[in-house]
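In: Based on what follows, work out the 3D shape:
(chains A, B, C and D)
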Number of protein chains: 2
Amino acid sequence: MVTLREVAKRAGVSIKTVSRIVNNDAAVSAKTRADVLKHISSSNYVPNQAARMMRGVESSLYGLMTDVVATTPYSVDLVRGAQSALNEKHQTLLIVSTDGDPQREHELWQTFRSHRVTGVIYAAMFHQPHEIGNPDFQQSIVLANCFAPANDRPSIIPDDEGGGYTQAQYLLQRGHRRIAMVTLIPEIEATRLRAKGMRRAFAEAGVEFDEMLERRGMAGQVRNETIIAYDVTRELLQQKRRPTAVICGNDQIALQVFAAAASLGLSIPQDVSVMGFDDLKLISETLRPQLTTVALPYFEIGRQAVELTNSAREQVEGWAPRILVPCPLVERQSCRVLA
Amino acid sequence: MVTLREVAKRAGVSIKTVSRIVNNDAAVSAKTRADVLKHISSSNYVPNQAARMMRGVESSLYGLMTDVVATTPYSVDLVRGAQSALNEKHQTLLIVSTDGDPQREHELWQTFRSHRVTGVIYAAMFHQPHEIGNPDFQQSIVLANCFAPANDRPSIIPDDEGGGYTQAQYLLQRGHRRIAMVTLIPEIEATRLRAKGMRRAFAEAGVEFDEMLERRGMAGQVRNETIIAYDVTRELLQQKRRPTAVICGNDQIALQVFAAAASLGLSIPQDVSVMGFDDLKLISETLRPQLTTVALPYFEIGRQAVELTNSAREQVEGWAPRILVPCPLVERQSCRVLA
DNA sequence: TTGTAGGCGTTATCAA
DNA sequence: TTGATAACGCCTACAA
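Out: Sure, this is the predicted structure:
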């Protein structure tokens, strides 16, 4: 690999002059600059980041740690959001996964330390508390989609309560009163928060919230769930007074609600309206009719997490903001207005 | 950050001794080692990768470049496959995306050079030829899910022909004869290869391939497609002699085939069998009945791409293997045996 | 506007 | 078995 020294030799100037040009350090005559630039590009020189860093310059590496075990398409958007923010700072993203193993997580914090990353996003694929497995890590850490139990780390999370509110409010506004709910497992924060948001929407609309219309769409424990929305929805839709709408905990549940409705000969949205959550385009744009849903803004979460890193660095000890990113409604064709 | 020098001072030995212990460089007495190790862990020392690299040690960074614009969940598995292979080599993955911009791609090759990555996977989200945008990049590059037009770079791609064969053969074996096809856009390699595989399966079974039962499930150009499978499938399923099975270009198409069948009051698999492609668990495991499909082995592709990097390095100039990864059948409940 | 000297944290060489 | 010293490529401080 070509070094600064080599370029300097070829251009007949000193190392420092080349360095100045590479770093736009002003104080170089236009002529010298033009001349040296020619040699830089003809020799295809790029600075050695490692050497730069050694000299005390901040690392151009940024870390993303995920806990994913299963295949979750969310992470793609989160990564892209982070990349988009990092581009502007000329930083590159280092990605690692713990696979949920605490030992591995510890090693990975060492890996990040060893690369002197300037900041880290720890992204959990479940909106839940998480304790960082290496308290010695000094750089700033931002939690994405989860938060620290002691609230001592900044975190950036989807506004699940607002999302739940939006789901319910949209349907109430369109005249629905008998609204069924097929939820995620109750152990996760999202479920609790969304329920709270929905109740608020019901209260504001002066409609009573009917708990008899609520069902779990997932069985099993956190990280080991199986989807049972199809069966519970068939049951819901066969009640004497059939619900006019179903609010789903995610788009996969919505997919099964579509299947359940079809199995009973019911049409969407004529017979039942369906509201999703997540906006997994793979599902929401593919279903017919297309799915009206509430989006999980993972791109924004990734983007803001990186931006939060800088402020996190200048934080007062112990003060940790928890930033909520709104979950916007994405209106498509699966909900109808009731006469 | 604690340095080698500091640990050495605390332990009362020379830096080289500490270095030897950190690197398992033998030739250290058990007693010294134990003593120094205590100081290493108590001071939470980790080696500075940048400094290591400067000393000429190979970088512990590996690059992954993707061209994705849209949200494609495939990449998650590819990343995890790559990570899994990299773990064993104590390397960490640097991820960048070109967003399809050649200028950006060029910059990113420079970024990789500048970090002295030991190898790179260039992963296209479409199985297509791709010309690397920086011929000056010296380290070994492996193409994943695409190949070099001049065949001068090793590549690792799904066996689409085999996948198409599997789709058709499975249905033929189960007695299906009137088999419809709802395909991806014809411009991509995958479509051509799978069609070839299917024809082979038909030929082997002595069944005539009926082109009248073939439809495009996607409209538009590469990277700018819209899915129209729902409409074309409704048309297919309303023919006088209705097909008994539908082979799909991907699982999203299969999802629309389910919707189309439902809209006509047809049951799967009693009235129509459906065969997917990709095995996006989000869809394949969520549909009811669950989808029988052929998996795109992205985890394996990621894993093997990393492994290929080493052999790529020792390659004879001009010789570039193209490795096919099999696409295995994932049998679920959407295909039935015909009497 | 340009150049020289020194050191960042490692590892390799060679000596003790 | 251990240690002193010199590099690696770059940037900061200072000098010309």
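In: how deep is the nearest residue to A:Ala259 once chain neighbours are set aside tucked in, by neighbour count?
Out: Spatially, and ignoring its direct neighbours in sequence, A:Ala259 is nearest to B:Arg288 (4.3 Å; Cβ to Cβ, 6 or more residues apart in numbering or on different chains). For every residue, glycine as well, the C-beta is placed using N, CA and C. The number of residues packed near B:Arg288 is 21, by other Cβ atoms under 10 Å in any protein chain shown.
In: Could you pull up the residues touching B:Arg288?
Out: By Cβ atoms under 8 Å, 6 or more residues apart in numbering or on different chains, B:Arg288 lies in contact with A:230, A:256, A:259-260, A:263.
In: what's the span of stretch A:268-281, first residue to last?
Out: Counting by Cα to Cα, to the nearest Å, you get 18 Å between the two ends of stretch A:268-281.
In: how distant is that stretch from the center of its chain?
Out: Put simply, stretch A:268-281 sits 22 Å off its chain's centre (Cα atoms, centre = their mean, to the nearest Å).
In: On the three-state scheme, the residue in the stretch 151-300 of chain A that DNA strand C sits nearest to is what?
Out: The nearest approach of the stretch 151-300 of chain A to DNA strand C comes at A:Arg153, 26.4 Å away (Cβ to the nearest atom of the strand). Of the three states, A:Arg153 takes coil under DSSP: H, G, I helix; E, B strand; the rest coil.
In: just A:Thr293 next, same as before
Out: Following three-state DSSP, the label given to A:Thr293 is strand.
In: Next: A:Arg33.
Out: A:Arg33 ends up helix, using three-state DSSP.
In: what about it, neighbour count?
Out: There are 14 residues near A:Arg33, going by other Cβ under 10 Å.
In: Please look at it and A:Ile21 and confirm they touch.
Out: Yes - between A:Arg33 and A:Ile21 there is a contact under Cβ atoms under 8 Å: 5.4 Å.
In: in chain A, which helix or strand is least confident?
Out: When the helices and strands of chain A are scored by mean pLDDT, DSSP states H and E, strand A:119-129 comes last with a mean of 81.
In: for it, the distance to its chain's centre please.
Out: Per Cα atoms, centre = their mean, the displacement of strand A:119-129 from the mean C-alpha position of its chain is 9 Å.
In: again with stretch A:32-44
Out: The mean C-alpha position of stretch A:32-44 is separated from the chain mean by 42 Å, Cα atoms, centre = their mean.
In: Any part of it near DNA strand D?
Out: No - Stretch A:32-44 stays clear of DNA strand D (Cβ under 7 Å from any atom of the strand), getting no nearer than 10.5 Å.
In: touching chain B at all, that stretch?
Out: Yes - contact between stretch A:32-44 and chain B is present through A:Asn44 (criterion: Cβ under 8 Å from any Cβ of the partner chain).
In: quick one: pLDDT of the residue positioned nearest the centre of chain A?
Out: In chain A, the centroid-proximal residue (Cα atoms, centre = their mean) is A:Tyr298; its distance is 3.0 Å. As predicted, A:Tyr298 sits at a pLDDT of 93.
In: domains in chain A, as residue ranges please.
Out: Domain segmentation of chain A under automatic domain parsing yields A:4-45, A:57-158+A:299-326, A:160-296.
In: I'd assumed A:Leu86 was in a helix, is it?
Out: Yes - under three-state DSSP, A:Leu86 sits within a helix.
In: distance of it from A:Leu308?
Out: Going from A:Leu86 to A:Leu308 by Cβ to Cβ, to the nearest Å gives 13 Å.
In: do the same with A:Ala260
Out: Using Cβ to Cβ, A:Ala260 is found at 41 Å from A:Leu308.
In: how about low-confidence regions in chain A?
Out: Confidence mapping of chain A against pLDDT under 70 gives the ranges A:69-71, A:127-128, A:135, A:138, A:312-319.
In: Provide the backbone phi and psi angles at the residue of it found nearest DNA strand D.
Out: The minimum distance from chain A to DNA strand D, using Cβ to the nearest atom of the strand, falls at A:Leu4 (3.0 Å). Here is the backbone geometry of A:Leu4 (degrees, to the nearest 10): phi -60, psi -40.
In: likewise A:Asp152?
Out: phi -100, psi 10.
In: My guess is it contacts A:Ala320. True?
Out: Yes - applying Cβ under 8 Å as the test, A:Asp152 and A:Ala320 come out as touching, 5.4 Å apart.
In: between the two, which one's more packed in?
Out: More crowded of A:Asp152 and A:Ala320, by other Cβ under 10 Å: A:Ala320, with 18 against 12.
In: got a list of what that one touches?
Out: Residues near A:Ala320 by Cβ under 8 Å, 6+ apart: A:148, A:151-155.
In: Mind doing that once more with 7 Å?
Out: Applying Cβ atoms under 7 Å, 6 or more residues apart in numbering or on different chains, we find A:Ala320 in contact with A:148, A:151-154.
In: number of nearby residues for the closest residue to it other than its chain neighbours?
Out: Spatial nearest neighbour of A:Ala320, chain neighbours left out: A:Pro154 (4.8 Å); criterion: Cβ to Cβ, 6+ apart. Neighbour count for A:Pro154, taken as other Cβ under 10 Å: 22.
In: A strand includes A:Ile141, no?
Out: Yes - the assignment for A:Ile141 by three-state DSSP puts it in a strand.
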